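J.: Could you work out the structure for the sequence below:
(one chain, ligands or ions: 2)
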Amino acid sequence: MSVSTTDRIRRHLVGLKMPRALEILDHTVRQLERGEISPLEAVDALLGEEITLREGRRVRAALKMGRLLNIKTLDGFDFSFQPSLDRNRILTLAQLEFVDRREVVHFLGQPGCGKTHLAVALGVEAVRGGRSVYFTTLADLIASLAKAEREGSLRERLRFLCRPQLLIVDEIGYLPVIPGGGNLFFQLVNARYERGAMILTSNRGFAEWGEVFNDTVVATALLDRLLHHAVVVQIEGASYRLRRHADLIPDTARVRPINPPAPAPKRRGRPPKARLPEHATVA
Ligand code: ADP
Ligand code: MG
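T.: Ligands and ions are numbered 1, 2, ... in the order given. As a prediction, the model looks like this:
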């Protein structure tokens, strides 16, 4: 290829703002001249590298905008640690049809069982799939709504929170909800109802929501919206954080073996370690 042609291509790439293609142009031309790649492969390489760069940039910006800062992925989730969890069900959710159908996904389970991990991982999948996502905890969400209400901008705040196609609300039930908080959350849930998807995580059963929100009327109205078009994923397993400290896990939070072994002869005290499910024992 003549120098003037490569120079012209270089100027085009600058004009088109294609820095990555510009970067690999010389190398690609050399490969072409050595007959290592075909002309079509050269075009493909230039465009492919550029789009990969842009896509990575788009995803990083969208994750930041959506407050998905502590990134977790489905690849990083060890399904063998949670035998009660149907892997295929999670992989189906990762297809994002629930987002497009504007459904609500609930992850329920004990602290450390992977609720936030799965919620974030599905959020990351949604961002990769081009959907808009916003992540928050219930406490932060309510605090932001309460602040907006005080400042007379509740309407704008609600509109902002209705924009993302997927809203993730983490940690329902951990912290007491401030007075009036349930009502504010209800306004948001009602505004998003059938208009946008949500993922909610909670360590408390739905029957306890009256207590969580300190208001049974609001809890009933919330659940009415949030359980219509909903997928409930109950994680029965124990804390992943405590997996190396099986002795600390209360019996109620242990993973029950799917085929429980025949009951051992009655003995006093703690069962011998060898009888615990493999993944709950000290490594
Ligand atoms: P929860 O939100 O249910 O309290 P998290 O999702 O925050 O629990 O999980 C606690 C920690 O353990 C996180 O660092 C998470 O990435 C990790 N974790 C939980 N379950 C798994 C798992 N099955 N495979 C890999 N990491 C896990
Ligand atoms: Mg969590």
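J.: Off-centre distance for the one helix or strand residue 186 maps to?
T.: Using DSSP states H and E, the element containing residue 186 is helix 181-192. Remark: helix 181-192 is offset 21 Å from the chain centroid, using CA atoms, centre = their mean, to the nearest Å.
J.: What lies in contact with it?
T.: Residues from elsewhere that reach helix 181-192 (CB atoms under 8 Å, 6 or more residues apart in numbering): 138, 141-142, 145-146, 149, 154, 158, 161-162, 167, 177, 198, 213-215, 218-219, 221-222, 225-226. The C-beta positions use only the backbone N, C-alpha and C, and glycine is treated the same way.
J.: List only buried entries from the residues you listed.
T.: Buried members of the contacts of helix 181-192, counted by 16 or more other CB atoms under 10 Å: 138, 141-142, 145-146, 149, 154, 158, 161, 167, 177, 198, 213-215, 218-219, 221-222, 225-226.
J.: Mark which of these are part of helices, please.
T.: 138, 141-142, 145-146, 149, 154, 158, 161, 218-219, 221-222, 225-226 (DSSP state H).
J.: Which residues of the stretch 101-250 of the chain lie near ligand 1?
T.: 109, 111, 112, 113, 114, 115, 116, 117, 201, 240, 241 (CB under 6 Å from any ligand atom).
J.: Let's see the pLDDT reported for residue 274.
T.: According to the prediction, residue 274 has pLDDT 35.
J.: before we move on, back to that, buried only: go through the residues of the stretch 101-250 of the chain next to ligand 1 for me.
T.: 109, 112, 113, 114, 115, 116, 117, 201, 240.
J.: Can I get the residues of the stretch 101-250 of the chain next to ligand 1 in a markdown table including distance to residue 133, secondary structure and pLDDT?
T.: Below are those laid out as a markdown table (distance: CB to CB, whole Å; DSSP: H, G, I helix; E, B strand; the rest coil; pLDDT from 0 to 100):
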| residue | distance to residue 133 | secondary structure | pLDDT |
| --- | --- | --- | --- |
| 109 | 22 | strand | 95 |
| 111 | 24 | coil | 93 |
| 112 | 23 | coil | 93 |
| 113 | 22 | coil | 94 |
| 114 | 19 | coil | 96 |
| 115 | 16 | helix | 97 |
| 116 | 14 | helix | 98 |
| 117 | 15 | helix | 98 |
| 201 | 15 | strand | 98 |
| 240 | 23 | coil | 84 |
| 241 | 25 | coil | 80 |
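J.: In a markdown table: these, plus distance to residue 78.
T.: As requested, those are arranged in a markdown table below (distance: CB to CB, whole Å):
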| residue | distance to residue 78 |
| --- | --- |
| 109 | 15 |
| 111 | 17 |
| 112 | 13 |
| 113 | 12 |
| 114 | 9 |
| 115 | 15 |
| 116 | 15 |
| 117 | 10 |
| 201 | 18 |
| 240 | 8 |
| 241 | 13 |
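J.: Please identify which pair of these lies farthest apart.
T.: Farthest pair in those (CB to CB) is 201 and 241. Separation: 15.0 Å.
J.: quick one, helices of the stretch 1-150 of the chain?
T.: Using DSSP state H, counting those that start in this stretch, the helices of the stretch 1-150 of the chain run over 3-15, 19-33, 39-65, 87-93, 97-100, 115-128, 138-150.
J.: Closest to residue 22 out of the buried ones among the residues of the stretch 101-250 of the chain next to ligand 1?
T.: Nearest to residue 22 among those, with distances taken as CB to CB, is residue 117, at 39.1 Å.
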